[in-house]
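Visitor: Below is the structure, and that's it, no one-letter string:
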(Lines give C-alpha, C1' and ligand atoms only; values in the text may rest on other atoms or scores of the structure.)
Protein backbone atom coordinates (compact mmCIF):
# COMPACT_ATOMS: atom_id res chain seq x y z
CA UNK A 1 0.00 0.00 0.00
CA UNK A 2 1.04 3.62 -0.37
CA UNK A 3 2.57 5.26 2.65
CA UNK A 4 -0.06 7.29 4.45
CA UNK A 5 -2.71 7.79 1.78
CA UNK A 6 -4.97 10.17 3.71
CA UNK A 7 -2.15 12.26 5.18
CA UNK A 8 -3.41 11.73 8.74
CA UNK A 9 -1.05 10.13 11.27
CA UNK A 10 -2.24 8.85 14.64
CA UNK A 11 0.36 9.48 17.35
CA UNK A 12 0.20 6.90 20.15
CA UNK A 13 2.52 8.45 22.72
CA UNK A 14 2.64 6.28 25.83
CA UNK A 15 1.01 3.22 24.29
CA UNK A 16 2.22 -0.18 25.53
CA UNK A 17 2.82 -3.33 23.47
CA UNK A 18 -0.02 -5.07 25.30
CA UNK A 19 -2.63 -2.53 24.21
CA UNK A 20 -1.26 -1.36 20.87
CA UNK A 21 -3.02 -3.89 18.64
CA UNK A 22 -6.51 -3.20 19.97
CA UNK A 23 -5.98 0.55 19.63
CA UNK A 24 -4.44 0.09 16.18
CA UNK A 25 -7.39 -1.99 15.00
CA UNK A 26 -9.80 0.70 16.18
CA UNK A 27 -7.83 3.34 14.30
CA UNK A 28 -7.73 1.39 11.05
CA UNK A 29 -11.44 0.61 11.29
CA UNK A 30 -12.04 4.37 11.69
CA UNK A 31 -10.12 5.11 8.49
CA UNK A 32 -6.72 6.11 9.86
CA UNK A 33 -4.02 4.73 7.56
CA UNK A 34 -0.82 5.73 9.38
CA UNK A 35 0.15 5.13 13.01
CA UNK A 36 3.21 6.47 14.81
CA UNK A 37 4.64 5.06 18.05
CA UNK A 38 6.92 7.67 19.66
CA UNK A 39 10.19 6.24 20.91
CA UNK A 40 9.60 7.66 24.39
CA UNK A 41 6.71 5.21 24.78
CA UNK A 42 7.21 1.96 26.74
CA UNK A 43 9.08 -0.67 24.67
CA UNK A 44 8.29 1.16 21.41
CA UNK A 45 9.98 -1.21 18.96
CA UNK A 46 7.90 -4.11 20.29
CA UNK A 47 4.75 -2.06 19.63
CA UNK A 48 5.92 -1.18 16.13
CA UNK A 49 6.69 -4.82 15.36
CA UNK A 50 3.25 -5.94 16.54
CA UNK A 51 1.47 -3.22 14.56
CA UNK A 52 3.49 -3.86 11.40
CA UNK A 53 2.98 -7.61 11.65
CA UNK A 54 -0.77 -7.37 12.16
CA UNK A 55 -1.83 -4.16 10.38
CA UNK A 56 1.07 -3.40 8.05
CA UNK A 57 -0.95 -4.28 4.95
CA UNK A 58 -3.69 -1.84 5.95
CA UNK A 59 -1.76 1.08 7.37
CA UNK A 60 1.73 2.58 7.41
CA UNK A 61 3.42 2.03 10.77
CA UNK A 62 6.08 4.43 11.94
CA UNK A 63 8.20 5.62 14.81
CA UNK A 64 8.23 9.10 16.30
CA UNK A 65 10.52 11.26 18.42
CA UNK A 66 13.50 9.94 16.44
CA UNK A 67 16.51 11.98 17.56
CA UNK A 68 19.24 9.31 17.33
CA UNK A 69 20.48 7.95 13.99
CA UNK A 70 21.02 4.55 15.63
CA UNK A 71 17.25 4.18 16.10
CA UNK A 72 16.55 4.34 12.35
CA UNK A 73 17.75 0.81 11.43
CA UNK A 74 16.02 -0.57 14.54
CA UNK A 75 12.78 1.03 13.36
CA UNK A 76 13.20 -0.40 9.87
CA UNK A 77 13.90 -3.86 11.24
CA UNK A 78 10.75 -3.65 13.40
CA UNK A 79 8.68 -2.91 10.28
CA UNK A 80 8.41 0.87 10.38
CA UNK A 81 7.96 2.80 7.13
CA UNK A 82 7.80 6.32 8.60
CA UNK A 83 10.31 8.13 10.83
CA UNK A 84 8.98 11.27 12.55
CA UNK A 85 11.24 13.62 14.49
CA UNK A 86 10.66 16.68 16.68
CA UNK A 87 13.64 18.43 15.07
CA UNK A 88 15.33 18.70 11.68
CA UNK A 89 18.54 16.69 11.95
CA UNK A 90 20.07 16.14 8.47
CA UNK A 91 21.78 12.95 9.70
CA UNK A 92 18.45 11.43 10.78
CA UNK A 93 16.85 12.49 7.49
CA UNK A 94 19.65 10.89 5.47
CA UNK A 95 19.60 7.71 7.57
CA UNK A 96 15.84 7.36 7.15
CA UNK A 97 16.02 7.81 3.39
CA UNK A 98 18.87 5.31 3.10
CA UNK A 99 16.86 2.80 5.18
CA UNK A 100 13.82 3.20 2.92
CA UNK A 101 11.75 5.09 5.50
CA UNK A 102 9.84 8.30 4.82
CA UNK A 103 11.29 11.03 7.10
CA UNK A 104 9.08 13.67 8.71
CA UNK A 105 11.55 16.10 10.32
CA UNK A 106 10.10 18.62 12.74
CA UNK A 107 10.42 22.27 11.68
CA UNK A 108 9.40 25.43 13.50
CA UNK A 109 10.97 28.09 11.26
CA UNK A 110 11.38 28.61 7.49
CA UNK A 111 15.15 28.22 7.96
CA UNK A 112 14.66 24.74 9.45
CA UNK A 113 12.16 23.86 6.73
CA UNK A 114 14.54 24.73 3.90
CA UNK A 115 17.43 22.92 5.64
CA UNK A 116 15.29 19.78 5.92
CA UNK A 117 14.31 20.02 2.25
CA UNK A 118 17.97 20.43 1.31
CA UNK A 119 18.73 17.22 3.25
CA UNK A 120 16.17 15.35 1.15
CA UNK A 121 12.92 15.55 3.14
CA UNK A 122 9.70 16.09 1.17
CA UNK A 123 7.33 15.79 4.14
CA UNK A 124 7.71 18.31 6.98
CA UNK A 125 6.22 18.10 10.46
CA UNK A 126 5.19 21.63 11.43
CA UNK A 127 5.83 21.58 15.18
CA UNK A 128 4.47 22.98 17.37
CA UNK A 129 1.75 23.84 14.88
CA UNK A 130 -0.35 25.79 17.36
CA UNK A 131 2.59 28.16 17.88
CA UNK A 132 3.31 28.69 14.17
CA UNK A 133 -0.38 28.96 13.38
CA UNK A 134 -2.41 28.53 10.22
CA UNK A 135 -1.34 31.92 8.88
CA UNK A 136 2.32 31.03 9.42
CA UNK A 137 2.01 27.75 7.57
CA UNK A 138 0.18 29.45 4.72
CA UNK A 139 3.06 31.90 4.34
CA UNK A 140 5.59 29.03 4.32
CA UNK A 141 3.47 27.15 1.79
CA UNK A 142 3.87 30.03 -0.65
CA UNK A 143 7.67 29.75 -0.72
CA UNK A 144 8.40 26.05 -0.20
CA UNK A 145 8.66 23.78 -3.27
CA UNK A 146 5.15 22.70 -4.29
CA UNK A 147 5.91 18.99 -3.86
CA UNK A 148 6.85 19.45 -0.20
CA UNK A 149 4.04 18.36 2.12
CA UNK A 150 3.30 20.19 5.38
CA UNK A 151 1.96 18.20 8.31
CA UNK A 152 0.86 20.28 11.33
CA UNK A 153 1.32 18.59 14.71
CA UNK A 154 0.28 20.07 18.04
CA UNK A 155 -3.19 21.34 18.88
CA UNK A 156 -4.81 19.74 15.83
CA UNK A 157 -8.26 18.18 16.24
CA UNK A 158 -11.57 17.81 14.41
CA UNK A 159 -12.50 21.44 15.12
CA UNK A 160 -9.59 22.92 13.14
CA UNK A 161 -8.63 20.25 10.58
CA UNK A 162 -10.62 22.05 7.88
CA UNK A 163 -8.75 25.29 8.56
CA UNK A 164 -5.37 23.54 8.25
CA UNK A 165 -6.48 21.81 5.05
CA UNK A 166 -7.63 25.09 3.54
CA UNK A 167 -4.22 26.60 4.30
CA UNK A 168 -2.48 23.85 2.33
CA UNK A 169 -1.69 21.12 4.87
CA UNK A 170 -1.16 17.74 3.23
CA UNK A 171 -2.22 15.93 6.39
CA UNK A 172 -1.93 16.24 10.15
CA UNK A 173 -0.45 14.48 13.14
CA UNK A 174 -3.15 13.65 15.69
CA UNK A 175 -1.72 13.41 19.19
CA UNK A 176 -3.38 13.87 22.57
CA UNK A 177 -6.62 14.98 20.95
CA UNK A 178 -6.86 11.42 19.64
CA UNK A 179 -5.06 9.16 22.13
CA UNK A 180 -3.94 9.43 25.73
CA UNK A 181 -2.57 6.55 27.81
CA UNK A 182 -5.43 4.68 29.41
CA UNK A 183 -7.97 5.45 26.69
CA UNK A 184 -10.03 2.49 25.52
CA UNK A 185 -9.95 1.39 21.86
CA UNK A 186 -13.59 2.42 21.60
CA UNK A 187 -12.82 5.96 22.76
CA UNK A 188 -9.90 6.25 20.36
CA UNK A 189 -11.89 4.80 17.49
CA UNK A 190 -14.75 7.25 17.98
CA UNK A 191 -12.40 10.24 18.00
CA UNK A 192 -10.55 8.91 14.97
CA UNK A 193 -13.75 8.49 13.00
CA UNK A 194 -14.78 12.09 13.77
CA UNK A 195 -11.38 13.39 12.68
CA UNK A 196 -11.36 11.34 9.50
CA UNK A 197 -14.82 12.65 8.62
CA UNK A 198 -13.69 16.22 9.24
CA UNK A 199 -10.59 15.72 7.09
CA UNK A 200 -12.47 14.05 4.25
CA UNK A 201 -15.08 16.80 4.27
CA UNK A 202 -12.38 19.47 4.14
CA UNK A 203 -10.38 17.85 1.36
CA UNK A 204 -13.21 16.48 -0.84
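Guide: Everything's here; your move. Keep in mind it's a predicted model, so treat the numbers as computed, not measured.

Visitor: From the rest of the structure, what touches stretch 94-102?
Guide: 3-4, 60, 62, 66, 69, 72-73, 75-76, 80-83, 103, 119-120, 123 (C-beta atoms under 8 Å, 6 or more residues apart in numbering). For glycine as for every other residue, the C-beta is placed from the backbone atoms N, C-alpha and C.

Visitor: give me every residue that touches residue 79.
Guide: Contacts of residue 79 by C-beta under 8 Å, 6+ apart are 48-49, 51-53, 56, 61.

Visitor: Using neighbour counts, pick out the buried residues of the lengthiest helix in the chain.
Guide: The single longest helix within the chain, with elements called by DSSP state H, is helix 185-203. Using 16 or more other C-beta atoms under 10 Å as the test for burial, helix 185-203 gives 185, 188-189, 191-196, 198-199.

Visitor: hey, where'd the strands end up in the chain?
Guide: For the chain, applying DSSP state E gives strands covering 8-11, 34-38, 60-64, 82-84, 102-104, 106-107, 123-126, 149-152, 172-174.

Visitor: so can I have TSV of those strands showing mean pLDDT?
Guide: Below are the strands of the chain laid out as TSV (pLDDT from 0 to 100):
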stretch	mean pLDDT
strand 8-11	98
strand 34-38	98
strand 60-64	97
strand 82-84	98
strand 102-104	98
strand 106-107	98
strand 123-126	97
strand 149-152	96
strand 172-174	97
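
Visitor: before we move on, the earlier item: is it possible to export the buried residues of helix 185-203 to TSV including distance to residue 134 and pLDDT?
Guide: Listed next are these as TSV, based on distance: C-beta to C-beta, whole Å; pLDDT from 0 to 100:
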residue	distance to residue 134	pLDDT
185	31	98
188	26	98
189	28	98
191	21	97
192	22	98
193	24	97
194	20	96
195	17	96
196	20	96
198	15	95
199	15	96
